[in-house]
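Chemist: mind looking at a prediction? Sequence and model below.
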Amino acid sequence: MENLQFTKEMRNEIVDLSAFNYCVNNEPKIEEHIRDGQRTSMQWNSTEINSRFTNACKAYLPLSKSWKTINIENQLKDSRSRINLFKQLIKLRENPSFYGGKYKLILANKQIYSFIRWLNKSISIPIYLVVINMIGASRNDADNEYV
């Protein structure tokens, strides 16, 4: 889900008292002082009032503008959504190679952190190569020594 971007025009919906007072004084850059955008209601679905978070006529805080497309119901249907990614990661973490296995560092620098995890020498237990990109850009120059 996305954070809601509050503006001065939304000052009547601001719950954070210090941010409200800041906004009332017509100070610039209200978004730097408000935390309400991260506190909005859980967006459960795209059809019901207040995205099914509450039956009240008005929720405590307004919903993010993306609530009709980014919500739990849609995420559960999408196999590549963040919810399903985290479900897969939790299931992977239950693998013995990750909670009781061995670890060998392959490469660690400011750009890449990579290691191998395995349980033992048995072929029936998988060996995992984990490569973590530590920079904000994609890379295609895999080192053939480890691939």
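Modeler: Received, thanks.

Chemist: tell me the helix or strand right after the lengthiest helix in the chain.
Modeler: Selection of the longest helix in the chain by residue count, based on DSSP state H, yields helix 82-93. Per DSSP states H and E, the first helix or strand lying C-terminal to helix 82-93 is helix 96-99.

Chemist: list the buried ones in that next one?
Modeler: For helix 96-99, burial by neighbour count (16 or more other Cβ atoms under 10 Å) applies to S97. C-beta: built from backbone N, CA, C; applies to glycine.

Chemist: please apply the same query to stretch 106-115.
Modeler: For stretch 106-115, burial by neighbour count (16+ other Cβ under 10 Å) applies to I112, S114.

Chemist: start and end of that stretch, how far apart?
Modeler: Using Cα to Cα, to the nearest Å, the end-to-end distance of stretch 106-115 comes out at 5 Å.

Chemist: for stretch 98-118, same thing?
Modeler: Across stretch 98-118, the straight-line distance between its terminal residues is 7 Å, by Cα to Cα.

Chemist: got it, and stretch 102-118?
Modeler: With Cα to Cα as the measure, the ends of stretch 102-118 fall 5 Å from one another.

Chemist: same check, this time on stretch 66-76
Modeler: Terminal residues of stretch 66-76 are spaced 16 Å apart (Cα to Cα).

Chemist: same question for stretch 114-126.
Modeler: 17 Å.

Chemist: now it: mean pLDDT?
Modeler: Averaged across stretch 114-126, the pLDDT comes to 78.

Chemist: where in this protein is pLDDT low?
Modeler: Per-residue confidence of the chain (counting by pLDDT under 70) places the weak regions at 1-43, 48-64, 67, 121-125, 139-147.

Chemist: about what we covered before: other SSEs contacting the longest helix of the chain?
Modeler: Secondary structure elements in contact with helix 82-93, counted by 3 or more Cβ pairs under 8 Å, 6 or more residues apart in numbering; DSSP states H and E, are helix 72-77.

Chemist: buried sites along the helix it packs on?
Modeler: Using 16+ other Cβ under 10 Å as the burial criterion, the residues of helix 72-77 that qualify are I72, Q75.

Chemist: spit out the contact partners of L105.
Modeler: Contacts for L105 (Cβ atoms under 8 Å, 6 or more residues apart in numbering) come out as S114, F115.

Chemist: next, it: secondary structure please.
Modeler: Of the three states, L105 takes strand according to DSSP: H, G, I helix; E, B strand; the rest coil.
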